[in-house]
Every structure is written in structure tokens, then in C-alpha cells.
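Student: My questions are about this predicted structure, shown below with the sequence.
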Amino acid sequence: MDFAEQLRILQAAKDNPALLALATVDLAHHALCAAERARIKDALLAAAIPHWYDRDFLASLLETTPEESNRLLGQLRTLTVVEPFPARGKHAVNVHEAARLALREHLRASNVPLWEALSARARAHLLQRREPHARIEALFHLFATDQSAAAAECDALNREFAYGTVAPEIRLALALALRELMTAGWLTGAAEVEALLCPLQVRSERGGAAHIEPDVRRLVALAHTASHPSGVGRAQCLLGDVLEAKGRGDDALVSFREYLATFQRLALADPSNADWQADIAWAHSRIGGVLQARATLTTLLSHSANTSPSFSTSHWLTPLTLVGSANSPSPMAWWAATCTKPKVALTTRWPLSANASPSSSVSRWLTPLTLFGSATSPSLILESAISCKAKVALTTLLSHSAKTWPSSGASRWLTL
């Protein structure tokens, strides 16, 4: 191919990044017939759908044999827009990001049925694997075919990575994939909310909370517009984290209480949803953290019984624990305890024996715990674990019978 022919091919692309990427096939394989070059271009378009591919992945995308896939893979490797991708194996390659994004958008805008078919094939291939990167990639392609289902799966995967045992870089990879979808600009409704929420959460957790308030407020507005209550609640939680990081405790409380109220309503409608009940616990934790920072018992008591959990299951309240009994003259009281040394958790037990209960003549200093007890209590057990980061839940202090609960006249606080 002479220079004039090369120039003609490039001019035909008209500075379109996607057409320029496809033109590399004509430049690299000009000796092949038009039909063979067209097949390589089809393979390049398919290869631009995922973030990486190998022989088997390409065969799934093109619904072809391993033999043809292997031949096409070799021809694609000669293109300047294709590069090795060793993170997914020594035989894996990927279309360079700039060309891949351009080709994806070109296909989405010009041939929606093929775009959706290739995305569905990519997801089907990836669902055979359970590695975190494969699950992220499978979710990425679900957004192209079913945004409602993708929003639900995104929420579940984000929660799993956030509260599970995966390495932080795994959740960062999820955030990067979702950010790419947001940048593309075609997500709507709950899918847009979920795709925006995770990257903002990751930015907040990585020290950027003070810089993302405008983006988070936009997220809250999007969640309301999309009528996505779970997204509204979690967006309010993130907004509260941002405001608290900026020293605006009162504003943070407003957001955290909206977070709590949202998930209380959702959990009342579906008490079996464990994720929503977990959000209630996290909401109490956030509210407790702000109130604890004020360091006044009056403020702590203002978080009244009306905000306590209404479910039969136990709820972990961090760093506050609600103690009370239907038989107690004072049915509810909030108490807080803080550990001053990092990464230290303490557990204190009182034996279940009348002879071992605290004596009225002896003051017992429980550091850094606070005991609500009585000299007349025949048995009492206090079992608490406290962390300075307020991430270790406190167990609920329970009376073992109506007789063991302190009377209003004999009760006393033994504090640090």
C-alpha cells in the first residue's frame, strides 16, 4: 500500500476516533481481501466491548470456533490499538482505552441490537467465573442490557466489597468501572444513582470527603428524581459523612437522621431485608458518633426511645448501647463508653451469682466501661466490646429477670 492509499483511508475516517481505529485494520492487513478485513473489523468491534479478552472470550463474543478465534486474535495483535494485558493472563490482550471507548460508543450509537447482544455474550462468558474482577466485569455489561437489574446487583456487590474481606483495590476497581459508565452518559434512573454512589463512597473513604459535597448533593437529587429510596438513604449517609468531615455536625445530623428514617420505612415494609436492617444499625452508629462528639449526657439522651429499633432481631448500636426493660422503672437509658487507646477492645463480665455481685460498700471502677448496677442485684452480666474507631459493636445490656433489674432508688452510675 503506497502513501496515497494510506492517506485516502485516513481521510475517509474524517477524524472520527472510532473510524480511525477501524482504519488500522486496512492499514495493517491491506493485502487481505475486503471480506477478510471486514471480519477483522467485526472482531475489533467485539473486542472493544470488554476491558480485556483472550481466545476463549473472543470466541464467546463472536460465537465462533476456538480455531477462528485464535486466528482473529493473532490478526488483532498486529494492530496499533491492541496491547498485551498481562493482568488477565499471558495470552490476554485489550483494545487501548482511547480506542476502546470510542468503538464502544460508536457501536452503541449506530447498532443498538449488536451492542446489547455483544454485552449479553460478554456477561454470559464472565458468569462462569467467580473472581472479583470477573464479577465486576459481568456487572459492567449488565448495565448495557438491563439497567434496573444492574442497579440491584451493583448495590449488592458494593455492599459485599465494602463490608467483606476483599482487598481495598477490589472495590476501587469496581468504582473505576462504574465511573467509566457514568462518563459515557447513557445511564438513567436507579442505575445512574448506583453507578455514582460507589465511586463517591470510595473517594470519601480515601480521604476526599471534604471535596465532594457538590457531587454528593447532586447524587441526593438524582436519587429523589429516580424515586430510588434506598439510594436516597445511602446518599444521605454519604452527605452526612461529608458534612461531618467538614466540621458541620448539626448539618450532618440532619442527613444521618434522614438516612435512618428512610431505612426504617423500608424495613417496616420488608423486615426480611437484612441489608436494610444493617443500614438502620449504621445510621444509629453515625448519629451516635456525632452526639458522642458533643460529649454531653443531655445530648445523648435526646436521641430518644422513638428512634430505637422496632424489630425483633438484635441491632448493634455503635458506639451507643440502649439498656432497658419493660419491668424497669426507667425503661430506657443511653450510655456511651470510649476506648482511648487505638485498636483496643475490652470485655468485662460479672458472674451470674448473688455472692459475686458488686457490694454496696465498694465502688468498682470499670475502665473505660460504665456499669448501670445495684447493690441488691442478685445477678448481672455486662459484656461490652469497645473500639476507638467506633467500629466494634456493643452488646445490649440485659437484665436476666425483673428482680435483677435495679430499682430507681438503688440505681447508681459507676463511671470512669
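Tutor: Alright, I've got the coordinates. Numbers count the residues shown, from 1 in each chain.
Student: where in the stretch 201-350 of the chain is pLDDT low?
Tutor: 295-350 (pLDDT under 70).
Student: again, only using 50
Tutor: Along the stretch 201-350 of the chain, the parts satisfying pLDDT under 50 run over 297, 299, 304-306, 308-350.
Student: cool, the stretch 51-200 of the chain as well?
Tutor: Using pLDDT under 50, the stretch 51-200 of the chain has no residue that qualifies.
Student: Show me the domain layout of this protein.
Tutor: Per automatic domain parsing, the structural domains of the chain span 1-126, 129-299, 316-348+365-371+379-416.
Student: Contact partners for Asp251?
Tutor: Shown in contact with Asp251 (Cβ atoms under 8 Å, 6 or more residues apart in numbering): Leu243. C-beta: built from backbone N, CA, C; applies to glycine.
Student: so how far is Gly289 from it?
Tutor: Going from Asp251 to Gly289 by Cβ to Cβ, to the nearest Å gives 14 Å.
Student: now Gly74
Tutor: Distance, Gly74 to Gly289, by Cβ to Cβ: 58 Å.
Student: quick one, which of the two is more surrounded?
Tutor: Gly289 (19 against 10; other Cβ atoms under 10 Å).
Student: which helices and strands sit right next to the helix or strand hosting Leu45?
Tutor: Using DSSP states H and E, the element containing Leu45 is helix 34-47. Helices and strands touching helix 34-47, by 3 or more Cβ pairs under 8 Å, 6 or more residues apart in numbering; DSSP states H and E, are helix 17-28, helix 55-62, helix 66-77, strand 93-95, helix 97-110, helix 112-126.
Student: how does it look with 7 Å?
Tutor: Here helix 34-47 touches helix 17-28, helix 55-62, helix 66-77, helix 97-110, going by 3 or more Cβ pairs under 7 Å, 6 or more residues apart in numbering; DSSP states H and E.
Student: which of the residues in the first one are buried?
Tutor: Neighbour-count burial for helix 17-28 flags Pro17, Ala18, Leu19, Leu20, Ala21, Leu22, Ala23, Thr24, Val25, Asp26, Ala28 (criterion: 16 or more other Cβ atoms under 10 Å).
Student: will you turn the residues you listed into a markdown table that also has distance to Glu192 and pLDDT?
Tutor: Shown next, in a markdown table, are the buried residues of helix 17-28 (distance: Cβ to Cβ, whole Å; pLDDT from 0 to 100):
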| residue | distance to Glu192 | pLDDT |
| --- | --- | --- |
| Pro17 | 25 | 93 |
| Ala18 | 24 | 95 |
| Leu19 | 29 | 94 |
| Leu20 | 30 | 93 |
| Ala21 | 28 | 95 |
| Leu22 | 30 | 95 |
| Ala23 | 34 | 93 |
| Thr24 | 33 | 94 |
| Val25 | 34 | 95 |
| Asp26 | 38 | 92 |
| Ala28 | 38 | 93 |
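Student: between these, which is closest to Ala269?
Tutor: Distance to Ala269, by Cβ to Cβ, is smallest for Ala18 among the buried residues of helix 17-28, at 46.1 Å.
Student: How much space separates that closest one from Asp42?
Tutor: As judged by Cβ to Cβ, Ala18 and Asp42 stand 14 Å apart.
Student: Then Val166?
Tutor: 36 Å.
Student: try Ser272
Tutor: Distance from Ser272 to Asp42, by Cβ to Cβ: 47 Å.
Student: And the two? Which one has more around it.
Tutor: Asp42 (16 against 7).
Student: residues touching Ser230, list them.
Tutor: Asp155, Leu266 (Cβ atoms under 7 Å, 6 or more residues apart in numbering).
Student: Which helix or strand lies directly C-terminal to the helix or strand harbouring it?
Tutor: For Ser230, the host element (DSSP H and E) is helix 229-245. Next helix or strand after helix 229-245 toward the C-terminus (DSSP H and E): helix 249-269.
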